[in-house]
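K.L.:
quick one, what's the 3D model for this:
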Amino acid sequence: MPSHDTEGFPAPASGMLLTYFLSVADVPRSRAFYTDVLGGEVVLAENPCTVRLANSWIIMNPGGGPTPDKPGITLRPPDDVTSASCFLNIRVADIEAVHRDWSAKGAQFITGPIDRKAEIRCYLRDPDGYLIEIGQATGMLHGVYADPAPDARDHTENTSP
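P.N.:
Got it, this is the predicted structure:
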């Protein structure tokens, strides 16, 4: 495995690009998951581990305490896998094929792909418990969208007694 590939490193000459940073408990284990299971390419093996995944980059480093540029903030992997405040969202062309392939490589999916009208989707967790959504646009390509969450519905329809 190459230790680095500066040509593929996420450092734009102009403008910006988006990367996703993960605090991980075990860098080699996480690097293997994002490369061997999800098919990413190692750009930098450590400090920080950087993996190109499709058209984005996952940056992984052990958690740690506050630093001068983030005073009062401690980074750590999730400690409660029943809650999530964010997740990685991977869009694919053929979710059934991805589900089969990644399952065969050891990915532990929470469920199989489920048709939600606008899309087919399923979720899995990485070795640290980070939630990852895998989705394939279906109905949304034809104007069929997901139902709004119950608390997001318009409550002004008939408010008179």
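
K.L.:
how far away is the residue lying closest to R116 once chain neighbours are set aside from G135?
P.N.:
Nearest in space to R116, with sequence neighbours left out and distances taken as Cβ to Cβ, 6 or more residues apart in numbering, is A146 at 5.9 Å. C-beta here means a position set from N, CA and C on the backbone, and glycine is covered the same way. Separation of A146 from G135 (Cβ to Cβ, to the nearest Å): 11 Å.

K.L.:
which of the two has more residues huddled nearby?
P.N.:
Shown here are A146 and G135; by other Cβ atoms under 10 Å, G135 has more neighbours (19 against 12).

K.L.:
quick one, domains of this protein?
P.N.:
Here the domain parsing of the chain from automatic domain parsing is 1-66, 78-147.

K.L.:
for G72, find the nearest of the ones you listed.
P.N.:
Across the domains of the chain, the minimum distance to G72, taken as Cβ to Cβ, is reached by domain 1-66, at 5.5 Å.

K.L.:
residue nearest the centroid of the protein?
P.N.:
For the chain, L88 is the residue whose C-alpha lies nearest the centre (Cα atoms, centre = their mean; 1.9 Å).

K.L.:
what bridges to that one?
P.N.:
I132 (DSSP bridges).

K.L.:
for it, which residues are in contact?
P.N.:
The contact partners of L88, by Cβ atoms under 8 Å, 6 or more residues apart in numbering, come to 20, 58, 130-133.
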